[in-house]
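S.K.: My questions are about this predicted structure, shown below with the sequence.
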Amino acid sequence: MLDATDLIAAVATPQGSGAVSIIRLSGPGLLAALDQILVMRGDLQKNPRSLLLGRVKGLSGQIVDEVLVVYFPAPNSFTGEDCAEIQGHAGFIAPRLVLEAILGAGARLAKPGEFSQRAFLNQRLSLDQAEAIAELVAAQSQSEAILANRQLAGALGDRLRPIGQELTTLAATLTAILDFEEPWEKVDQAKMAEDIDHIQQGLAHLLTLRREGRAFREGLKLVLAGPPNVGKSSLFNALLGQGRALVSPRPGTTRDYLEGAVDWSGIRVELVDTAGLWSDSTDEIDQLGQERSREQMERADLIVWLRDLTNPNSPAAPISERPTLTVWAKADLAPKIDPNALALSAKTGQGLSRLKEEALKLLNVNYERPPELVPNFRHQKALEETAKLVEAADRALKDGAPPDIINLEISQALNALGQITGRVMTEDLLIEVFSHFCLGK
């Protein structure tokens, strides 16, 4: 993953029907390789950042595509190296022939995320900004795309920078005390305690943003559960706006779970329709379906438990560690409804809007005020580790520990924080981050 000494190339657009295919190149020897395969109507080196018309010679020497080429000289390119993009016709054959020609001219096929990795290694991006590129590509809701763009613009780095500076100042102060053997009792330890407290507040705020805003970044999983024939599949179809699940008055129609995604106020919500839970079935398939239903409930952000308004013996929701919202189905068939109950009808649409509002409210998701920044799961772990080490330093200071012990905790906290932006990195960390990227990114 750390090899950045050769020319790389990859198709950066999906294969198949479309107007344009883009092939990206980056690395040493780029212009020489392009000169081997291109017949140009202009000089790329004399016209950087300009689209020039050309034709590509394939491995057989025949013209395989007419293209537009743009050259980005180092260091002012995405990767910080000489880069180029070849814009040709889309499809399955033409992009492959162009890529084969480039590889035949000395390039090698890029690994997933290798362009972004080189941008990071050449200090064109921080590690969290590189992650934002992959998250933007993978975004499945408006909120996910907006948050990824903010992170790409440096929003997280801007919040981390003052915390890192405060930790650096503390570490430098403690190191100086140790190097010059300054008497510890003469050091303003009260001011040091205030600085540590301020750092803890900053870390706690970022972790709060993660906890309160996770739904905007990663979406929510809502599992529809309840007894057989209570209307789960009908509700699933109504929320999706399409007939995905089979619906029948016969109990046990759903034998396995179904998934579908919807957008609720810019938040991606994964809906799961499950098999009905009943204890008296001895059928092996029914039992397997119920087992999968319980597995999905254990993974849910919210369980939506359906009860039947037409059935006075409709079972209540089982006790669960997961947040649970009880709704009453078949409101269109019920003669009388408690005004305080969350009643709905998949047939008429009654109560569906209220279900969305109550679900988001129960999960403390304020869709009217989305967060400006939400750290991802990797960032959360690094922030938690940093906070734990800073807390240890604070405890050591209050317990009268010597400065070398406090300095050790602060230095380790600085390293943990640095893993978010890549100021502190290991090859394992880079593999973990960039292995999730697609080719061409």
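M.R.: Thanks, I have the structure now. Numbering: from 1, shown residues only.
S.K.: Run a quick check on residue 116 versus residue 132, I expect a contact.
M.R.: No: under the criterion of Cβ atoms under 8 Å, residue 116 lies out of contact with residue 132, with a separation of 9.7 Å. (Each C-beta comes from the backbone N, C-alpha and C, glycine too.)
S.K.: moving C-terminal of the helix or strand hosting residue 103, what's the next helix or strand?
M.R.: Here residue 103 is covered by helix 94-104, with elements defined by DSSP states H and E. The C-terminal neighbour of helix 94-104 among helices and strands, as given by DSSP H and E, is strand 108-109.
S.K.: following that following strand, which helix or strand shows up next?
M.R.: Stepping forward along the backbone from strand 108-109, the first helix or strand reached (DSSP H and E) is helix 114-121.
S.K.: Identify the residues contacting that following helix?
M.R.: Applying Cβ atoms under 8 Å, 6 or more residues apart in numbering, the external contacts of helix 114-121 come out as 1-2, 4, 8, 10, 24, 26-27, 78-81, 125-127, 130, 133-134, 422, 430, 434, 437, 440-441.
S.K.: how deep is residue 269 tucked in, by neighbour count?
M.R.: Counted by other Cβ atoms under 10 Å, the residues lying close to residue 269 total 22.
S.K.: circling back to that earlier point, what packs against the helix holding residue 103?
M.R.: With contacts defined as 3 or more Cβ pairs under 8 Å, 6 or more residues apart in numbering; DSSP states H and E, the secondary structure elements packing on helix 94-104 are strand 8-11, strand 16-26, helix 30-37, strand 52-57, strand 63-72, strand 83-91.
S.K.: Pop the domain breakdown of the protein in here.
M.R.: Using automatic domain parsing, the domain parsing of the chain gives 8-125, 132-214+376-434, 218-362.
S.K.: Put together a markdown table for these, with distance to residue 369 and mean pLDDT on each row.
M.R.: Supplementary listing: the domains of the chain in a markdown table, determined by distance: least, Cβ to Cβ, whole Å; pLDDT from 0 to 100:
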| stretch | distance to residue 369 | mean pLDDT |
| --- | --- | --- |
| domain 8-125 | 29 | 95 |
| domain 132-214+376-434 | 10 | 93 |
| domain 218-362 | 11 | 84 |
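S.K.: could these go into CSV alongside distance to residue 370?
M.R.: As requested, the domains of the chain are arranged in CSV below (distance: least, Cβ to Cβ, whole Å):
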stretch, distance to residue 370
domain 8-125, 24
domain 132-214+376-434, 6
domain 218-362, 7
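S.K.: dump the residue contacts of the residue positioned nearest the centre of the chain.
M.R.: Among the residues of the chain, residue 135 comes closest to the average C-alpha position under Cα atoms, centre = their mean, at 4.6 Å. Residue 135 makes contact with 144, 147-148, 151, 217, 376, according to Cβ under 8 Å, 6+ apart.
S.K.: Which of these sits closest to residue 20?
M.R.: Out of the contacts of residue 135, the one with the shortest distance to residue 20 is residue 148. That distance is 23.5 Å, counting by Cβ to Cβ.
S.K.: check contacts around that closest one.
M.R.: With contacts taken as Cβ under 8 Å, 6+ apart, residue 148 has the following neighbours: 132-133, 135-136, 139.
S.K.: Report the buried residues of the strand or helix carrying it.
M.R.: With the criterion set as DSSP H and E, the secondary-structure element containing residue 148 is helix 142-152. Residues of helix 142-152 classed as buried: 143-148, 150-152 (neighbour count, 16 or more other Cβ atoms under 10 Å).
S.K.: Residue 343 reaches residue 352, doesn't it?
M.R.: No: no contact is recorded between residue 343 and residue 352 when judged using Cβ under 8 Å, the distance being 11.0 Å.
S.K.: Settle it for me: which of the two has more neighbours?
M.R.: Applying other Cβ under 10 Å to residue 343 and residue 352 shows that residue 343 carries more neighbours, namely 21 against 16.
S.K.: What residues are recorded as beta-bridge partners of the more buried one?
M.R.: Note on residue 343: beta-bridge partners residue 328, judged by DSSP bridges.
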